[in-house]
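Asks: after the sequence you'll find the predicted model.
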Amino acid sequence: MRKIKIGGIYKHFKGDYYVVEGLATYSETNEQCVIYRSLYDDGKMWVRPITLFLSEVDHQKYPDVLEKYRFTLQNIKSVKK
């Protein structure tokens with residue numbers, strides 16, 4: 001099972017990058033959600049159910065996409081040695 005990394009940088013299958021700010025529980029359903037911020041433009045915050053955040057790309061809807069998952073954790077190394 002894939003897990004969410006708080007503070008992790010994720011790449012969306014369409015190309016943009018996001019940082020996960022935290023997790024939250026939707027009060028009406030107790031569904032777990034991911035709170036994340038875009039790393040472009042105005043840094044807008046988003047919320048999405050964790051199951052959708054971790055889901056696979058719908059390759060019937062997006063047949064040309066090579067990525068398996070909707071969001072993929074990036075391994076970004078420091079430039080300092």
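Replies: Cool, got the structure.

Asks: not counting residues beside it along the chain, what's closest to the residue nearest the centre of the chain?
Replies: Taking CA atoms, centre = their mean as the criterion, F71 is the residue nearest the geometric centre of the chain, at 4.3 Å. Closest residue to F71 in three dimensions, ignoring its sequence neighbours and counting by CB to CB, 6 or more residues apart in numbering: Y10, at 4.3 Å. For every residue, glycine as well, the C-beta is placed using N, CA and C.

Asks: next one: that neighbour from I50, what distance?
Replies: Note on Y10: its distance to I50, by CB to CB, to the nearest Å, is 12 Å.

Asks: against which helices or strands is the one helix or strand the residue nearest to F71 maps to packed?
Replies: For Y10, the host element (DSSP states H and E) is strand 9-12. Applying 3 or more CB pairs under 8 Å, 6 or more residues apart in numbering; DSSP states H and E, one finds that strand 9-12 contacts strand 17-25, strand 71-73.

Asks: what lies in contact with the longest one?
Replies: Going back to what we said before, that points to strand 17-25. Under the criterion CB atoms under 8 Å, 6 or more residues apart in numbering, residues 4-12, 31-40, 45-47, 50, 71, 74 lie in contact with strand 17-25.

Asks: kindly recompute the last result at 6 Å.
Replies: By CB atoms under 6 Å, 6 or more residues apart in numbering, the surrounding residues in contact with strand 17-25 are 4, 6, 8-11, 33, 35-39.

Asks: beta-bridge partners for V34, please?
Replies: With DSSP bridges applied, V34 shows beta-bridge pairing to L23, R48.

Asks: pLDDT score for it?
Replies: At V34 the predicted local distance difference test score is 98.

Asks: my guess is it contacts I50. True?
Replies: Yes: taking contact to mean CB atoms under 6 Å, the distance of 5.4 Å between V34 and I50 places them in contact.

Asks: more neighbours, the two?
Replies: The residue with more neighbours, out of V34 and I50 and counting by other CB atoms under 10 Å, is V34; that gives 23 against 16.

Asks: burial count for F13?
Replies: Here the number of neighbours of F13 (other CB under 10 Å) works out to 17.
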